[in-house]
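Undergrad: Take a look and give me a structure for this.
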Amino acid sequence: NDYTDVMFDVPAGAELTLDSTLEENSVMVTPDTETGLINGTALEEQYVKLALSGNGIASAKQMITSAGTLNICKGVGVVGHVGANHMSAINVTGGNLTVGGGYFGNNAVVNGTEGSVLYANGCGKVVICNAYFVKNSSNGYTGVYQLLDLTDTATFTNCWFQGNTAVCNIGVGLVKDTTATMANCDFIENEANGAGALQVSGTGIGGNVTLTECRFKGNEAKGNRTAEGGYESNITRNSLGGAIVIAEKGSLTATTCTFTGNKAGSDTNPNPAGGAIYFNTSESVTFSSCNFNGNLAQASTATGKSGRGGAISNYDGTAVGTLNILNGCTFNENVADLRGGAISVHSGVALTISNDENSEKNTFTGNKTTESSSTGGAIVFNPNANGTATITGIFEKNETSMTASGLGGAIASYAGAMERCVIKDSTFIGNKGGYGGAIGFSSSGHGTLENCEFAKNEALSESRGSDIAALGSKGIVRKVKLLGKIGSTDA
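TA: A predicted model of the protein is given here:
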């Protein structure tokens, strides 16, 4: 490999293209997810023919575009760059950036907030495709990139992100007050204190991300990394969002994406939330035809485990906006310590789980909570005065605690009015919970059931409702077929 130590700026009206002898820029070969190799060969050896590198903090070199256009093509690598604050390997403050291939590996930011590879702030269009981002790191805020206040869109297509880390918030990338689309991208084993892969947020127009056919596997919000250089204050989402955090003024739409084996967990924080997804005061979060498999919200502490939402959570008292689960999403074997093996929704969020006429129903299978006082094997709905839920789906073999505290083997509702939790056109089979083998309404929770079927669900005893438990609740029941019992302390 020919490694070149460079620094340059692309001024207004100029265009610079970096290329190599490699051909077929449009072709990307997927590495082995376990070894990171392609046909037994490391990515760097196989794909980098011209490499640009820096030489430490004092003399770190950058590629900068202040107003022009920078093009990076396949076969060009950015490797081993080490920079301080505002010293990402590529710094784009104006103009445009196009990456049509390339390898970005083992870059680092020390004592800085920006991503180790890319800092784009107030620039125009960013287009990145067929690129690999491997083992980049930051001991500050973001492992790979930050997109801030772009005047045009950002697009990622056929990209691979693996083994990137940040001591503070975000393992891969921040999208803030920017619109970004990502298609056919892989996020593998990235980690940070919170947001193992991505964060979407805003303070102005808001951040908006659209994901299509992307895969998130083994990402982790560890929550117990120690920051250096005074960045402890950035650890604001400790153990939240194993794959993605949607924060203030953030919106996310995901279609046909998979989330597998992601985790929010910590040795020091007993309250992880959102094994795959955490959202907070967001505008809209929508998943359509997505799969959530084996995600975890589990604390590692010996006592006080309070993980919420094995797949999705918004555990925050001020959250608003909408969460939409649509058209054949599947939730399989997700696990949380305390509430919502698959989904835990709180505050003023409007939760909708539904399907179009020609689409499959959403299914929840084998999700569970593990602590003795846990509730909602699949879903916990615990709203304030503004929160609502409309739920349609198939719930099978979900489980919460088989104790007197275990409310709702499939669904636990704390809604304060009948019209605020509506469960309809749903099937509940083989679920288990101490109170309400399938559905549990708390002493202050009410709801409406319509056109639902129940079979082979199990509670601690028949009097506790093998199908439904209503602990002092009020409700409306229409066209419901029960093969078990309703338990009630004050029906």
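
Undergrad: Spatially central residue (nearest the centroid) of the chain, please.
TA: Using C-alpha atoms, centre = their mean, the residue of the chain that lies closest to the mean C-alpha position is residue 244, 2.5 Å off.

Undergrad: shouldn't that one be in contact with residue 277?
TA: Yes. Counting by C-beta atoms under 8 Å, residue 277 is a contact partner of residue 244 at 5.3 Å. Glycine gets a C-beta too; all of them are placed from N, C-alpha and C.

Undergrad: quick one: common contacting residues for those two?
TA: residue 252 (C-beta atoms under 8 Å, 6 or more residues apart in numbering).

Undergrad: in the stretch 1-150 of the chain, which spans are helices?
TA: 43-47 (DSSP state H, counting those that start in this stretch).

Undergrad: For the residue nearest to the residue nearest to the centre of the chain when sequence neighbours are not counted, list each beta-bridge partner.
TA: Spatial nearest neighbour of residue 244, chain neighbours left out: residue 198 (4.7 Å); criterion: C-beta to C-beta, 6 or more residues apart in numbering. Taking DSSP bridges, one finds residue 173, residue 244 as the beta-bridge partners of residue 198.

Undergrad: What separation is there between residue 198 and residue 371?
TA: Distance, residue 198 to residue 371, using C-beta to C-beta, to the nearest Å: 29 Å.

Undergrad: just residue 363 next, same as before
TA: 25 Å.

Undergrad: So for these two, which sits in the more crowded spot?
TA: The neighbour count for residue 363 versus residue 371, taken as other C-beta atoms under 10 Å, is higher for residue 371 (21 against 17).

Undergrad: dump the residue contacts of that one.
TA: Applying C-beta under 8 Å, 6+ apart, the residues contacting residue 371 are 305, 306, 337, 338, 401.

Undergrad: for those, which one is nearest residue 436?
TA: Residue 436 lies nearest to residue 401 out of the contacts of residue 371, by C-beta to C-beta, at 11.6 Å.

Undergrad: Secondary structure class of the closest one, three-state.
TA: coil (DSSP: H, G, I helix; E, B strand; the rest coil).

Undergrad: Count the neighbours of it for me.
TA: Residues near residue 401, counting by other C-beta under 10 Å, number 24.

Undergrad: Thought residue 433 was touching it, still the case?
TA: Yes. Contact status for residue 401 versus residue 433: in contact at 7.2 Å, counting by C-beta under 8 Å.

Undergrad: Name the residues contacting each of those two.
TA: residue 375.

Undergrad: Identify the farthest-apart pair in the contacts of residue 371.
TA: Largest pairwise distance in the contacts of residue 371, by C-beta to C-beta, is 13.5 Å, between 306 and 401.

Undergrad: Show me which helix or strand of the chain is least confident by mean pLDDT.
TA: Across the helices and strands of the chain, mean pLDDT, DSSP states H and E gives its lowest value to strand 2-5, namely a mean of 42.

Undergrad: Can you give me the pLDDT of residue 393?
TA: Model confidence at residue 393, given as pLDDT, is 97.

Undergrad: Now it: closest residue in space, sequence neighbours ignored.
TA: residue 362 (4.3 Å).

Undergrad: Tell me the spacing between the one you found and residue 327.
TA: 8 Å.

Undergrad: Compare these two (neighbour count), which wins?
TA: Neighbour count, other C-beta under 10 Å: between residue 362 and residue 327, residue 362 has more, with 25 against 19.

Undergrad: Okay, that one and residue 100: tell me how far apart.
TA: 38 Å.

Undergrad: Then residue 77?
TA: Distance from residue 77 to residue 100, by C-beta to C-beta: 14 Å.

Undergrad: Have a look at the two and say which one is more surrounded.
TA: Counting neighbours by other C-beta under 10 Å for residue 77 and for residue 100 shows that residue 77 has the greater number, 27 against 19.

Undergrad: And that one, how far from residue 120?
TA: In terms of C-beta to C-beta, residue 77 sits 19 Å off from residue 120.

Undergrad: joint contacts of residue 362 and residue 327?
TA: Common neighbours of residue 362 and residue 327 (C-beta under 8 Å, 6+ apart) are residue 355.

Undergrad: Please list all residues in contact with the residue nearest to residue 456 when sequence neighbours are not counted.
TA: Nearest residue to residue 456 in three dimensions, chain neighbours excluded: residue 430, at 4.7 Å (C-beta to C-beta, 6+ apart). Residues in contact with residue 430 (C-beta under 8 Å, 6+ apart) are 396, 397, 455, 456, 457, 458.

Undergrad: isn't residue 111 right next to residue 140, touching?
TA: Yes. Applying C-beta under 8 Å, one finds residue 111 in contact with residue 140, separated by 6.6 Å.

Undergrad: Counting neighbours, go ahead and name the busier of those two.
TA: Using other C-beta under 10 Å as the criterion, residue 111 and residue 140 rank with residue 140 on top: 26 against 17.

Undergrad: Against residue 291, how distant is the more buried one?
TA: 33 Å.

Undergrad: can you check residue 117 too?
TA: Going from residue 117 to residue 291 by C-beta to C-beta gives 29 Å.

Undergrad: So between these two, which is more surrounded?
TA: Legend: neighbour count by other C-beta under 10 Å for residue 117 and residue 291, higher for residue 117 (29 against 18).
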